[in-house]
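What shape does this take:
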Amino acid sequence: MAEISLSDLFVELADTLVDDFDVMDFMHVLTERCVQVLDIAAAGLSLADDTGALQVVAASSEPCRLLEAFQVQTDEGPSVDCFASGQPVAVADLTRADRWPRFASAAIEVGFASVHTVPMRLRTQTIGALGFFTGGFNAPDESILLLGRALADMATIGLLQQRAIHHRDLLTEHLQIALSSRVVIEQAKGILAERLQVDVDQAFVLLRRGARSHNRRLSDLAYAIVAGTQPPSPNMIKQRAAPRAEADLADSATFRPSPDS
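Numbering: from 1, shown residues only. Reported below is the predicted structural model:
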């Protein structure tokens, strides 16, 4: 709460919901702000694709992303149940989560002890699930959970109504683009992590900062890195050891256009 006020948070999320907004960046901002404001260990977001299948879209950390992906792959876990029922799912102690033995074991292994998942839902339509993970054997108090639900509701309303004046099909297109872009973003993170010798979370910080500093879409820059038309710059290599919080706030450019771009 010291880093960002509630009013600043809602203004930030509202400002993102403008014409031609970057869906992927919006989702990552949402998970990161949940961690900051709710004082939790991690947050993960999954959305339904155009076939109705749940897909991981964003997470505040790599362990959280992998855990969310594990849920989707095994069809087991709080996000899966939350999306299917359209109702919140809470487990204060994952060591006693008999309903998801494989998920619980995987979550505990990476340091999570409890989870609370809320639906991305507007009236009868559920488009995904937002999961809050903590390291202690208890759930956040009710006031924190109410705020988490408010953030999920705001994001849901923005996604569902952002292009409502045109056609509902455009929402499906946006969500599908986000889900397709996720694959390329993960590939770009892997390339940066390997070439710059940083962890995957740091690689994502560099990727997003590079996109913002050059006013490019996150997915566009990821495609360029995967295609080899936008190689990492020497400046990025020099900055690779910076702490994550510092890297997020840095104003200097991360990527330099290549001669061929």
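
G111 and C64 touch, don't they?
No - counting by CB atoms under 8 Å, G111 does not reach C64; the two are 10.0 Å apart. Every residue, glycine included, has its C-beta placed from N, CA and C.

neighbour-wise, which of the two wins?
C64 (25 against 12; other CB atoms under 10 Å).

What separation is there between the closest residue to that one other than its chain neighbours and I127?
Among residues not flanking C64 along the chain, A42 sits closest, at 3.8 Å (CB to CB, 6 or more residues apart in numbering). Here the distance between A42 and I127 works out to 21 Å (CB to CB, to the nearest Å).

between those two, who's got more neighbours?
A42 (26 against 19).

dump the residue contacts of that one.
Taking CB atoms under 8 Å, 6 or more residues apart in numbering, we find A42 in contact with 31, 35, 59-61, 63-64, 112, 132-133.

Tell me the buried residues in the top helix by length along the chain?
Counting residues, the longest helix found in the chain (DSSP state H) is helix 168-196. Across helix 168-196, burial judged by 16 or more other CB atoms under 10 Å covers 171, 175, 178-179, 181-182, 184-186, 188-189, 191-193, 196.

Also stretch 67-80?
Quick answer for stretch 67-80 (16+ other CB under 10 Å): 67-72, 76-80.

of all those, which two lie farthest apart?
Spatially, the most separated pair among the buried residues of stretch 67-80 is A69 and P78, at 14.0 Å (CB to CB).

distance between the one helix or strand R209 maps to and the chain's centre?
Using DSSP states H and E, R209 sits within helix 200-213. Distance of helix 200-213 from its chain centroid, counting by CA atoms, centre = their mean, to the nearest Å, is 13 Å.

With stretch 76-88 instead?
17 Å.

model confidence over that stretch, on average?
Averaging pLDDT along stretch 76-88 gives 95.

sorry, back to before: list the ones among the contacts of A42 that fall in helices.
Reading helices off the contacts of A42 with DSSP H, I get 31, 35, 63-64.

Can I get those in TSV including distance to L94 and pLDDT?
Formatted as TSV, those follow (distance: CB to CB, whole Å; pLDDT from 0 to 100):
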residue	distance to L94	pLDDT
T31	20	92
V35	18	91
P63	14	95
C64	14	96
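
sorry, back to before: let's see which of the buried residues of stretch 67-80 end up in strands.
Among those, none falls in strands (DSSP state E).

Out of those, which comes closest to F103?
G77 (4.0 Å).

Pull the contacting residues for that closest one.
70-71, 100, 103.

Could you identify the most distant pair in these?
F70 and W100 (10.2 Å).

which residues in this structure form helices?
6-16, 23-38, 62-74, 78-85, 101-109, 142-161, 168-196, 200-213, 218-227, 234-239, 244-249.

Point out where the stretch 51-200 of the chain drops to low pLDDT.
137-141, 161-174 (pLDDT under 70).

Please parse this protein into its domains.
The chain breaks down by automatic domain parsing into domains covering 6-162, 179-249.

Pull the contacting residues for the closest residue to V72 other than its chain neighbours.
For V72, ignoring the flanking residues on the chain, the nearest one in space by CB to CB, 6+ apart is L54 at 5.5 Å. When contacts are counted by CB under 8 Å, 6+ apart, L54 touches 46-48, 72, 79-80, 83, 128-129.
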